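**Q** no sequence for this one, just the structure:
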């Protein structure tokens with residue numbers, strides 16, 4: 001993959017500006033679970049969380065804590081904007097995170113495509129096609145975790161493809177760390193990690209043996225980041241029995257019985 005084409009910053013401004021216009025022209029039909037998440041954040045902050053409060057949720061392990069870190073220092077100011085309603089303020093913090101995640105995904109997808117094609121106008125068309133899909137527009141504005149997790153995977157692909165013809169262990173580990181973060185934001189993104197590893201295997205110009213260091217880096221970075229955070233939370237929650245960990249993961253369904261859950265999870269990533 002070559003360098004970024006001449007004049008790419010101007011085209012990137014066009015992409016980001018068009019994405020901003022798209023976001024200001026639509027409204028989500030509903031905010032799904034965002035304000036439930038916001039209440040969990042507020043309860044955790046106030047120390048009023050009931051037993052079983054899913055602040056540390058298996059499926060979205062870091063999403064509420066990320067919202068907490070954004071909302072915490074600003075909670076007084078945000079509450080003032082909403083007549084003292086802390087939950088609305090925490091919801092706005094989550095929405096800001098998802099908008100930033102969607103924007104990051106758009107930026108890095110454009111950069112990836114501009115490198116791949118050498119034609120920024122093609123990158124603009126494809127990126128805006130991606131940005132204009134219902135899933136991206138809808139979830140960017142809801143405060144849900146999906147666009148931010150997806151942005152992490154796009155960033156990982158860009159790190160893989162922006163390396164030299166030989167993907168080093170360090171560069172692969174950097175990409176893997178971002179992939180690990182995507183899993184921590186929404187666990188089902190783990191299903192696309194093998195595809196990214198296989199892509200790095202077949203798409204590199206270097207000989208097979210020289211690719212192994214980069215592939216090992218991707219796997220190691222993903223496993224270390226995701227594994228370390230999950231392990232730390234498991235210890236913090238005192239889930240020392242395997243059955244307790246299974247119960248914790250099952251609670252992420254909120255007592256809903258999924259219909260064709262695994263197939264829907266696969267289809268959700270593709271969509």
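**A** Alright, I've got the coordinates. Note that the coordinates shown come from a computational prediction; the quantities given were computed from them, not determined experimentally.

**Q** Please count neighbours and contacts with C-alpha atoms only from this point.
**A** Noted.

**Q** quick one, helices of the stretch 101-250 of the chain?
**A** 120-131, 134-140, 146-161, 169-185, 193-203, 208-236, 242-251 (DSSP state H, counting those that start in this stretch).

**Q** could those helices go into a markdown table alongside mean neighbour count, mean pLDDT and distance to residue 21?
**A** Supplementary listing: those in a markdown table, determined by neighbours: other Cα atoms under 10 Å; pLDDT from 0 to 100; distance: least, Cα to Cα, whole Å:
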| stretch | mean neighbour count | mean pLDDT | distance to residue 21 |
| --- | --- | --- | --- |
| helix 120-131 | 18 | 95 | 11 |
| helix 134-140 | 20 | 86 | 11 |
| helix 146-161 | 25 | 94 | 17 |
| helix 169-185 | 26 | 95 | 26 |
| helix 193-203 | 15 | 86 | 31 |
| helix 208-236 | 18 | 91 | 34 |
| helix 242-251 | 14 | 87 | 38 |
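
**Q** For residue 79, which of the ones you listed is the nearest?
**A** When the helices of the stretch 101-250 of the chain are compared by Cα to Cα, helix 134-140 sits nearest residue 79, at 22.3 Å.

**Q** Contacts for the closest one next, please.
**A** 22-23, 26-29, 95, 98-99, 101-102, 130-131, 145-147, 271 (Cα atoms under 8 Å, 6 or more residues apart in numbering).

**Q** With stretch 218-232 instead?
**A** Contact partners of stretch 218-232, identified using Cα under 8 Å, 6+ apart, comprise 61, 169, 172-181, 183-184, 197.

**Q** nearest to residue 248, of those residues?
**A** Relative to residue 248, and with distances defined as Cα to Cα, the nearest of these is residue 61, at 11.3 Å.

**Q** how near is the closest one to residue 55?
**A** As for residue 61, its distance to residue 55 is 8 Å (criterion: Cα to Cα, to the nearest Å).

**Q** Likewise for residue 172?
**A** 31 Å.

**Q** What of residue 104?
**A** Counting by Cα to Cα, the gap from residue 104 to residue 55 is 25 Å.

**Q** just residue 155 next, same as before
**A** Residue 155 is 26 Å from residue 55, by Cα to Cα.

**Q** go on, residue 32?
**A** Taking Cα to Cα, one finds residue 32 at 17 Å from residue 55.

**Q** okay, the two: which has more neighbours?
**A** residue 55 (22 against 13; other Cα atoms under 10 Å).

**Q** Verify the contact between that one and residue 66 for me.
**A** No - checked against Cα atoms under 8 Å, the pair residue 55 and residue 66 is beyond contact range at 10.7 Å.

**Q** Low-confidence bits of the stretch 1-150 of the chain, can you list those?
**A** In the predicted model, the stretch 1-150 of the chain carries pLDDT under 70 at residues 1-2, 50-53.

**Q** what's the distance between residue 143 and residue 238?
**A** 29 Å.

**Q** neighbour-wise, which of these two wins?
**A** Set residue 143 next to residue 238 and count neighbours by other Cα under 10 Å: residue 143 wins out with 30 against 11.

**Q** Count the residues that sit near the residue nearest to the more buried one when sequence neighbours are not counted.
**A** Leaving out its chain neighbours, the residue that sits closest to residue 143 by Cα to Cα, 6 or more residues apart in numbering is residue 95, at 3.6 Å. Residue 95 has 22 neighbours, counted by other Cα under 10 Å.

**Q** re the thing from before, out of the helices of the stretch 101-250 of the chain, which gets nearest to residue 78?
**A** Among the helices of the stretch 101-250 of the chain, helix 134-140 sits nearest to residue 78 (Cα to Cα), with 20.0 Å.
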